[in-house]
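In: mind looking at a prediction? Sequence and model below.
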Amino acid sequence: MYVLSRDETVFHPVWRGGILLTCGLLILFLATISGCSEPSEESRIVATVNGKPISQSEFDYRWSELSDAARARYDRQGGKKKFLDDLISREVLLQEARRQGLDQSLALRERMERVKEQLILDELMKDAASQPVHISDAELEAYYQSHDDMLLTARQIRGAQIVMANIFQAKDLKHQIGQGWNFSKLAQRYSLDEKTKADGGEFNFTRKGVLDPAIEQFLLTQKPGAVSDPVETTAGFHLIKVISRDPDEAKHIEAVRQQLKRELYAEKRRKQVEEVLAKLRSSATIRMAAGSELLTQDVGSLAGRTP
């Protein structure tokens, strides 16, 4: 049983986009243009800009808010001294913005309100998706099976074949190969398969269901160098050789399995959020305005519906 924790929440597309942007905008506009400061405690002053102080507590707060990547970048460019210089430049710009009255702009205030609404929605959807996602072993295995081509591609199996008209010819060539004859040269000379004979019978095995099941099973289970007994198909009698397979096959397969597991988690999480949204919509009173142009447009497929 696999469980997706709340920290791995996958947001519904309506709310997911622009989370980083909205957070950044809200911090910039609400916390600075309005003059509000996150740290409230008194602390020593590290700099002043036109009489406006930058406190140690404000500096520490903003430094702690930096991502690891941003902090590493500052470490390469002068560390906290460079960061303080950037805070000073920021304060200079903010003071000029206020002097020009930009903090009183109606358009800006409306934008700030939309940012605030977006963050509220983000919090709502976090709560809506707070329940763990449970996936049984059987469910996960079924998902792996439905994406078997991805797992097969990760193995990077290359094979070769010689196709003969009858079993006696095929058995004779199998005997010659056992005596040391070159498989590739025999394929080029005798194989009936025009698609592969020029390349010594070689091909990439990347998709199940294309080859005969017995041939697929041989390629999946045998080591490089192994040559099969004749396998009969509608095309003739095949000798199959495993040419190569990825030496790190197990590692690559596991990487694909982990990717598929994350995809299944995300799919179930989205369904969970969509169920919450559907429940909220079903309990809401929603009326479409009569005569609205939106009701006659193709987008949303609303035209022609009856209430």
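Out: Nice, I can see it.
In: okay, and the residue lying farthest from the centre of the chain sits in which element?
Out: Distance from the C-alpha centroid of the chain peaks at residue 168, with 52.3 Å (C-alpha atoms, centre = their mean). Per DSSP states H and E: residue 168 is located in helix 167-178.
In: can you point out the buried residues in that helix?
Out: By 16 or more other C-beta atoms under 10 Å, the buried positions in helix 167-178 come out as 169-170, 173-174, 177. In this view, the C-beta of every residue, glycine as well, is placed from N, C-alpha and C.
In: check stretch 182-196 too.
Out: Buried, per 16+ other C-beta under 10 Å, within stretch 182-196: 183-184, 186-188, 190-191, 193, 196.
In: that older thread, who's in contact with the helix or strand following the helix holding residue 168?
Out: From helix 167-178 onward toward the C-terminus, using DSSP H and E, the following helix or strand is helix 183-190. With C-beta atoms under 8 Å, 6 or more residues apart in numbering as the test, helix 183-190 has contacts from 160-162, 164, 169, 173, 176-177, 196-198, 200-202, 227, 239, 241.
In: same thing but at 7 Å, please
Out: Under the criterion C-beta atoms under 7 Å, 6 or more residues apart in numbering, residues 160, 162, 164, 173, 176-177, 197-198, 200-201, 227, 241 lie in contact with helix 183-190.
In: from those residues, which ones fall inside helices?
Out: Among those, the members falling in helices are 173, 176-177 (criterion: DSSP state H).
In: want to throw these into a markdown table with distance to residue 277 and pLDDT?
Out: Converted to a markdown table, these look like this (distance: C-beta to C-beta, whole Å; pLDDT from 0 to 100):
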| residue | distance to residue 277 | pLDDT |
| --- | --- | --- |
| 173 | 64 | 96 |
| 176 | 68 | 96 |
| 177 | 63 | 95 |
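In: tell me the one among those nearest to residue 87.
Out: residue 177 (75.6 Å; C-beta to C-beta).
In: show the pLDDT at residue 7.
Out: On pLDDT, residue 7 comes in at 44.
In: over to residue 200?
Out: 96.
In: how many residues are close by it?
Out: 19 (other C-beta atoms under 10 Å).
In: repeat for residue 120
Out: The burial count for residue 120: 10, using other C-beta under 10 Å.
In: the host helix or strand of it: what's the following helix or strand?
Out: Secondary structure from DSSP H and E places residue 120 in helix 106-128. For helix 106-128, the following helix or strand on the C-terminal side (DSSP H and E) is strand 133-135.
In: what helices and strands are in contact with that following strand?
Out: strand 2-4, helix 249-282 (3 or more C-beta pairs under 7 Å, 6 or more residues apart in numbering; DSSP states H and E).
In: if we can go back for a sec, closest one of the buried residues of helix 167-178 to residue 72?
Out: For the buried residues of helix 167-178, the nearest to residue 72 is residue 177 (58.6 Å; C-beta to C-beta).
In: list the buried residues for the strand or helix carrying residue 140?
Out: Assigned by DSSP H and E, residue 140 falls within helix 137-146. Within helix 137-146, the residues that qualify as buried are 140, 143-144, counting by 16+ other C-beta under 10 Å.
In: what's the lowest-pLDDT member of those residues?
Out: Where pLDDT dips furthest among the buried residues of helix 137-146: residue 144, at 87.
In: contact partners for it?
Out: Per C-beta under 7 Å, 6+ apart, neighbours of residue 144: 151, 257, 260.
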